[in-house]
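**Q** My questions are about this predicted structure, shown below with the sequence.
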Amino acid sequence: MKLTTREKSALIMEAFVTIVILLLVNLSVIVILNDMIQTNPGLQDGIFIIKRSMVIGRTTISCGAGRIFLLA
(Lines give C-alpha, C1' and ligand atoms only; values in the text may rest on other atoms or scores of the structure.)
Protein backbone atom coordinates (compact mmCIF):
# COMPACT_ATOMS: atom_id res chain seq x y z
CA MET A 1 0.00 0.00 0.00
CA LYS A 2 1.47 3.33 -1.06
CA LEU A 3 1.03 6.61 0.72
CA THR A 4 -0.20 9.64 -1.13
CA THR A 5 1.75 12.88 -1.14
CA ARG A 6 -0.71 14.42 1.29
CA GLU A 7 -0.29 11.53 3.74
CA LYS A 8 3.50 11.70 3.50
CA SER A 9 3.51 15.43 4.21
CA ALA A 10 1.13 14.91 7.14
CA LEU A 11 3.46 12.25 8.60
CA ILE A 12 6.49 14.53 8.21
CA MET A 13 4.63 17.39 9.91
CA GLU A 14 3.56 15.11 12.77
CA ALA A 15 7.15 13.91 13.20
CA PHE A 16 8.36 17.52 13.36
CA VAL A 17 5.72 18.46 15.94
CA THR A 18 6.55 15.35 18.00
CA ILE A 19 10.27 16.17 18.01
CA VAL A 20 9.58 19.75 19.10
CA ILE A 21 7.29 18.54 21.90
CA LEU A 22 9.91 16.04 23.11
CA LEU A 23 12.59 18.75 23.12
CA LEU A 24 10.33 21.05 25.14
CA VAL A 25 9.60 18.28 27.66
CA ASN A 26 13.34 17.58 27.97
CA LEU A 27 14.05 21.28 28.55
CA SER A 28 11.31 21.55 31.16
CA VAL A 29 12.66 18.53 33.08
CA ILE A 30 16.14 20.08 33.07
CA VAL A 31 14.78 23.42 34.31
CA ILE A 32 12.73 21.77 37.07
CA LEU A 33 15.66 19.62 38.26
CA ASN A 34 18.01 22.62 38.18
CA ASP A 35 15.54 24.67 40.21
CA MET A 36 15.14 21.86 42.75
CA ILE A 37 18.91 21.53 43.15
CA GLN A 38 19.46 25.28 43.47
CA THR A 39 16.77 25.75 46.13
CA ASN A 40 17.61 22.72 48.30
CA PRO A 41 21.05 22.85 49.96
CA GLY A 42 20.64 19.31 51.31
CA LEU A 43 20.14 18.00 47.79
CA GLN A 44 23.22 19.93 46.61
CA ASP A 45 25.30 18.37 49.38
CA GLY A 46 23.92 14.90 48.68
CA ILE A 47 24.77 15.13 44.98
CA PHE A 48 28.26 16.37 45.84
CA ILE A 49 28.81 13.48 48.27
CA ILE A 50 27.58 10.92 45.75
CA LYS A 51 29.81 12.38 43.03
CA ARG A 52 32.84 12.25 45.33
CA SER A 53 32.28 8.68 46.52
CA MET A 54 31.43 6.72 43.37
CA VAL A 55 33.68 3.66 43.28
CA ILE A 56 33.18 0.58 41.12
CA GLY A 57 35.62 -2.17 42.02
CA ARG A 58 39.14 -0.79 41.64
CA THR A 59 38.02 2.00 39.30
CA THR A 60 36.98 5.40 40.63
CA ILE A 61 34.50 7.44 38.63
CA SER A 62 35.03 11.17 38.93
CA CYS A 63 32.17 13.34 37.69
CA GLY A 64 33.45 16.82 37.04
CA ALA A 65 31.83 19.55 34.95
CA GLY A 66 29.22 17.16 33.60
CA ARG A 67 31.78 14.64 32.32
CA ILE A 68 32.57 11.16 33.58
CA PHE A 69 36.20 10.12 33.76
CA LEU A 70 37.41 6.63 34.60
CA LEU A 71 40.57 6.65 36.66
CA ALA A 72 42.51 3.45 37.25
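**A** Ah, there it is.
**Q** make it CA atoms for all contacts and neighbour counts henceforth
**A** Noted.
**Q** where's residue 7 relative to residue 21, distance?
**A** 21 Å (Cα to Cα, to the nearest Å).
**Q** same question but for residue 34, I mixed them up
**A** Taking Cα to Cα, one finds residue 34 at 20 Å from residue 21.
**Q** now the helix or strand containing residue 34, how far from the centre of its chain.
**A** Assigned by DSSP states H and E, residue 34 belongs to helix 5-39. Here the centre of helix 5-39 is set off from its chain's centre by 13 Å, with Cα atoms, centre = their mean, to the nearest Å.
**Q** Same check on stretch 42-55?
**A** 18 Å.
**Q** Outline the domain layout of this protein.
**A** 1-39, 41-72 (automatic domain parsing).
**Q** Lowest average pLDDT across these?
**A** The minimum mean pLDDT among those belongs to domain 41-72 (a mean of 66).
**Q** Tell me how far residue 45 lies from residue 52.
**A** Residue 45 is 11 Å from residue 52, by Cα to Cα.
**Q** quick one: residue 19 from residue 12, how far?
**A** 11 Å.
**Q** oh sorry, the question was meant for residue 20
**A** Following Cα to Cα, the distance that separates residue 20 from residue 12 is 12 Å.
**Q** related to what we said a few turns ago, please spell out which residues along the helix holding residue 34 are buried.
**A** By neighbour count on 16 or more other Cα atoms under 10 Å, the buried set for helix 5-39 is residue 37.
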